[in-house]
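Trainee: sequence and computational prediction follow.
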Amino acid sequence: MALGGFEMQLLMTKLEFLQEKLQEVEQTMQTTIEKTDAKFEKMMEAVENSLQMATNKIKQRLQEKLTKHEKNINEKFEMMDTKFEKQMYAMDSLNKSVKTSEENTMTNFEEVKKQLNSRMDHLQLQLTAETKTIQEKAQTELKQLAENKKSLDMLTDSVRNISTLSEKRKKILEAQFINPVRSCRQVMKLSGRYLIHVEENSKAFEVFCEQNKFDGGWIVIQHRFDGSTDFYRNWTEYRNGFGKLDREFWLGLEYVHQLTKHNPHELLVEIKDFHGHYEYAKYNMFEIGSETEMYALNELGTYSGTAENSMQDNKNFKFSTFDRDNDKDKGNCAKDRRGAWWYNWCSRSNLNGRYQNTIGDPRAMVWEYFKNDWRGLSYSRMMIRDIIH
């Protein structure tokens, strides 16, 4: 327990009081010894005086009654010897008593001194321990204050950043509803939702622009990352699009057709498995036909990237859904693969398949050449960007 200022002052006062008492004991002992010595000297002097007086009386009486009491001289001497022995015995007893008293006093003094020293040592240890505890507590509190200050600084920076982002978002929203753009290359360098029209007087529609990956300027046309949206949909839904732009979604074949028919575009495919392994595939040309052409994959340019080319067999093939079978297979690839894609003979890629963590199941969301084991993917994103010559 930490000592406050008042407790420290009280402790010091008690120590001073004990020191004063110790001095008083030493002074009392000194006085007692001096008194005892004086008393002893007086007693010795009294004894000597008594002996002297007794001797004088004896001499006088012996002198006066020498003849009368000659017979009793020896008896008198014997009586004197007896008295002397008694006096000597008394003196010896007194001396021993004084010595014993002195020894007891010194013993008590040493004991008191020892107790005081022990108590002072204990108090010193206690004071040292409590001082250490106070210092450690102070250091802990200082460290906590430093951490709190750091957290406060971080929070202040976050608030400042949020404020900055809010201003940017405000400008973005104003741009979205006032001046739709022709390309994600023309918007601010902040990923988000924007209005786009492919021609000056055409109807604008909303897209998600990715501005952070691969130099930005990308329109996201497909995004999957948690399986929250069912991609086993019919032809109409794939034509018009489904899902939410800030969640999982398919932009819509008609929108992609309108974008790619007016300006040349490139395609970027990002994928990731359930172990977190990420790869990408990039094609320097991408265009799909109209609904009359069944949104066929008319252009798929040269591949580059790390994911390997699992779309190499899809070029020039029409798009298929379970209710619109346009593939070359005898069966219905969209039904068999539980998805929708530019199937030829059911293809080596199926990014609109089931969202599942499996190996060897082509019905899953797969990119065969990713690991050559038809593993289900946890993440897929397809993006297009207009090509600047």
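Mentor: Sure thing, it's come through. Predicted model only: the values in this text are computed from it and were never measured.

Trainee: close enough to count as contact, Asp373 and Gly360?
Mentor: Yes: between Asp373 and Gly360 there is a contact at 6.3 Å, judged by CB atoms under 8 Å. Glycine gets a C-beta too; all of them are placed from N, C-alpha and C.

Trainee: quick one: distance of stretch 345-353 to the chain centre.
Mentor: Remark: stretch 345-353 is offset 47 Å from the chain centroid, using CA atoms, centre = their mean, to the nearest Å.

Trainee: what residues sit buried inside that stretch?
Mentor: By neighbour count on 16 or more other CB atoms under 10 Å, the buried set for stretch 345-353 is 346-353.

Trainee: please apply the same query to stretch 249-263.
Mentor: Applying 16+ other CB under 10 Å to stretch 249-263 flags 249-260 as buried.

Trainee: again with stretch 282-293
Mentor: 282-283, 285-289.

Trainee: quick revisit: any idea which of the buried residues of stretch 345-353 the model trusts least?
Mentor: Lowest-confidence member of those: Ser347, scoring 87 (pLDDT).

Trainee: picking that back up, show me the buried residues of stretch 249-263 that map onto helices.
Mentor: If you go by DSSP state H, these have 253-260 in helices.

Trainee: export these as TSV, with columns for distance to Glu41 and pLDDT.
Mentor: Output for those, formatted as TSV (distance: CB to CB, whole Å; pLDDT from 0 to 100):
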residue	distance to Glu41	pLDDT
Leu253	132	99
Glu254	134	98
Tyr255	129	98
Val256	129	98
His257	135	98
Gln258	133	97
Leu259	129	97
Thr260	132	97
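
Trainee: in a markdown table: these, plus distance to Glu45.
Mentor: Shown next, in a markdown table, are these (distance: CB to CB, whole Å):
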| residue | distance to Glu45 |
| --- | --- |
| Leu253 | 138 |
| Glu254 | 140 |
| Tyr255 | 135 |
| Val256 | 135 |
| His257 | 141 |
| Gln258 | 139 |
| Leu259 | 135 |
| Thr260 | 138 |
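
Trainee: sticking with Lys328, tell me its helix or strand.
Mentor: For Lys328, there is no enclosing helix or strand under DSSP states H and E.

Trainee: what does the model give it for pLDDT?
Mentor: At Lys328, pLDDT is 92.

Trainee: all strands for the protein, in order.
Mentor: With DSSP state E, the ranges of strands along the chain come out as 192-196, 205-210, 218-224, 242-243, 249-250, 265-273, 278-288, 297-300, 303-305, 349-350, 366-367, 377-386.

Trainee: give me the distance between Thr55 and Glu75.
Mentor: From Thr55 over to Glu75 the distance is 17 Å, taken as CB to CB, to the nearest Å.

Trainee: got the buried residues for stretch 331-338?
Mentor: Judged by neighbour count using 16+ other CB under 10 Å, the buried positions of stretch 331-338 are 332-334, 336-338.

Trainee: avg pLDDT for it?
Mentor: On average, stretch 331-338 scores 97.

Trainee: over to stretch 93-106?
Mentor: Per-residue pLDDT over stretch 93-106 has a mean of 68.

Trainee: cool, and stretch 157-168?
Mentor: Per-residue pLDDT values over stretch 157-168 give a mean of 67.

Trainee: could you find the closest non-adjacent residue to Gln258?
Mentor: Excluding its sequence neighbours, the residue lying closest to Gln258 (CB to CB, 6 or more residues apart in numbering) is Val198, at 4.8 Å.

Trainee: tell me the domain boundaries of the chain?
Mentor: 5-150, 180-386 (automatic domain parsing).

Trainee: let me have the ones you listed in a markdown table, extended by distance to Ser158.
Mentor: Formatted as a markdown table, those follow (distance: least, CB to CB, whole Å):
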| stretch | distance to Ser158 |
| --- | --- |
| domain 5-150 | 13 |
| domain 180-386 | 17 |
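
Trainee: great, nothing more from me.
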